[in-house]
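Colleague: Please work out how this folds:
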Amino acid sequence: MKTARPAVFKPSLLVGPPIDQTGAEERAARFTKRSIKAASKMQGLLLTLSMIDLTTLEGKDSVGKVEQLCFKALHLHDAFEGLPTVAAICVYPSHVQTAKKALEGSTVKVASVATAFPSGQSSLSIKLDETRFAVAQGADEIDMVISRGKFLAGEYAYVFDEIAAIKAACGPARLKVILETGELGSLDEVRKASQLAIAAGADFIKTSTGKIQPAATLPVTLVMLETIRDH
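Modeller: Next up is the predicted model:
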């Protein structure tokens with residue numbers, strides 16, 4: 001997603017009537033009841049696979065584990081002929097070089113989390129340094145987390161400026177902004193965080209770190225998609 005980023009945060013960026021929680025849940029539930037032809041379902045599954053990030057984000061991550069994950073990404077077709085490769089391998093900044101070397105010559109990107117993932121609890125200067133380090137190591141994409149404490153306190157300008165600063169630090173790398181929707185409390189807040197991230201320069205918005213529950217849900221995903229559509 002490409003967007004022209006305003007120079008400063010404007011409250012008018014956060015617009016929209018209150019979201020009906022029940023209505024959103026009902027709209028999302030309808031997607032689970034649709035009948036899809038087998039051929040279309042297979043096309044959808046293949047497309048989904050091609051957009052997935054294979055991820056290892058654990059304290060026990062090692063060079064060997066990252067190399068093994070990269071090998072898996074490059075050899076999916078060994079198990080099932082015709083499978084596409086995944087979109088990216090996602091690792092901590094310290095393992096970007098390992099992944100980059102293992103994936104050399106392939107179309108699989110290297111994504112790196114940054115900005116004090118998964119909590120986001122650090123200073124902007126440290127977040128910027130971590131982002132620049134990951135890019136210098138060869139990351140094609142940066143996965144940042146928003147400062148949920150600041151967001152929930154209504155400090156929208158702070159969150160906007162932080163995302164914009166991280167975007168600038170990414171240079172040629174794409175920025176994926178993780179909202180951690182399970183901590184936001186309501187669908188209205190999910191929409192607001194989505195609008196904020198998009199306006200500040202996000203190339204992608206993501207639901208969650210996968211480190212808390214609830215993580216991604218259908219109603220949350222629907223609201224985020226509708227926000228992208230309406231941007």
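Colleague: Next, name the residue at the spatial heart of the protein.
Modeller: Closest to where the C-alpha atoms of the chain average out (Cα atoms, centre = their mean) is Lys206, at 3.4 Å.
Colleague: Hmm, Arg174 and that residue touching each other?
Modeller: No: using Cβ atoms under 8 Å, Lys206 is not in contact with Arg174; the gap is 11.9 Å. For every residue, glycine as well, the C-beta is placed using N, CA and C.
Colleague: quick revisit: mind checking how far the residue nearest to the centre of the chain is from Ser194?
Modeller: 10 Å (Cβ to Cβ, to the nearest Å).
Colleague: which neighbours do the two share?
Modeller: Leu179 (Cβ atoms under 8 Å, 6 or more residues apart in numbering).
Colleague: hmm, back to that, bridging residues for the residue nearest to the centre of the chain?
Modeller: Taking DSSP bridges as the rule, Lys206 bridges to Ile178.
Colleague: Quick check: bridge partners of Asp143?
Modeller: Applying DSSP bridges, one finds that Asp143 bridges with Val113, Lys176.
Colleague: Distance of it relative to Gly44?
Modeller: Between Asp143 and Gly44 the distance is 24 Å, computed by Cβ to Cβ.
Colleague: Quick check: buried residues in stretch 48-60?
Modeller: By neighbour count with 16 or more other Cβ atoms under 10 Å, stretch 48-60 contains the buried residues 53-57.
Colleague: And for stretch 62-72?
Modeller: 66-67, 69-70.
Colleague: same thing with stretch 210-219?
Modeller: For stretch 210-219, burial by neighbour count (16+ other Cβ under 10 Å) applies to 217, 219.
Colleague: For it, the averaged confidence score.
Modeller: The average pLDDT within stretch 210-219 is 94.
Colleague: Could you do stretch 148-155 as well?
Modeller: 98.
Colleague: do the same with stretch 110-125
Modeller: Stretch 110-125 shows a mean pLDDT of 98.
Colleague: now do stretch 32-39
Modeller: According to the model, stretch 32-39 has a mean pLDDT of 90.
Colleague: And this protein, what are its domain boundaries?
Modeller: The chain breaks down into these domains under automatic domain parsing: 39-107, 114-231.
Colleague: where along this protein do the strands fall?
Modeller: 53-55, 88-91, 109-113, 141-145, 174-178, 204-206 (DSSP state E).
Colleague: Adjacent strands (with direction) for the first one?
Modeller: So that's strand 53-55. strand 88-91 (parallel).
Colleague: Show me how far the partner strand is from its chain's centre.
Modeller: 11 Å (Cα atoms, centre = their mean, to the nearest Å).
Colleague: now do stretch 216-231
Modeller: From the chain centre to the centre of stretch 216-231 is a distance of 13 Å (Cα atoms, centre = their mean).
Colleague: C-alpha coordinates for it, PDB please?
Modeller: Presented in PDB, the C-alpha positions along stretch 216-231 are these (Å, rounded to 0.1, in the frame of the first residue of the first chain):
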ATOM      1  CA  ALA A 216      -5.900 -12.300  14.800                       C
ATOM      2  CA  THR A 217      -9.700 -12.700  14.700                       C
ATOM      3  CA  LEU A 218     -12.000 -12.500  11.800                       C
ATOM      4  CA  PRO A 219     -13.900  -9.300  12.900                       C
ATOM      5  CA  VAL A 220     -10.600  -7.500  13.600                       C
ATOM      6  CA  THR A 221      -9.200  -8.600  10.200                       C
ATOM      7  CA  LEU A 222     -12.400  -7.400   8.500                       C
ATOM      8  CA  VAL A 223     -12.200  -3.900  10.100                       C
ATOM      9  CA  MET A 224      -8.600  -3.600   9.100                       C
ATOM     10  CA  LEU A 225      -9.400  -4.600   5.500                       C
ATOM     11  CA  GLU A 226     -12.300  -2.100   5.400                       C
ATOM     12  CA  THR A 227     -10.000   0.600   6.700                       C
ATOM     13  CA  ILE A 228      -7.500  -0.100   3.900                       C
ATOM     14  CA  ARG A 229     -10.300  -0.100   1.400                       C
ATOM     15  CA  ASP A 230     -11.600   3.300   2.600                       C
ATOM     16  CA  HIS A 231      -8.200   4.900   2.700                       C
END
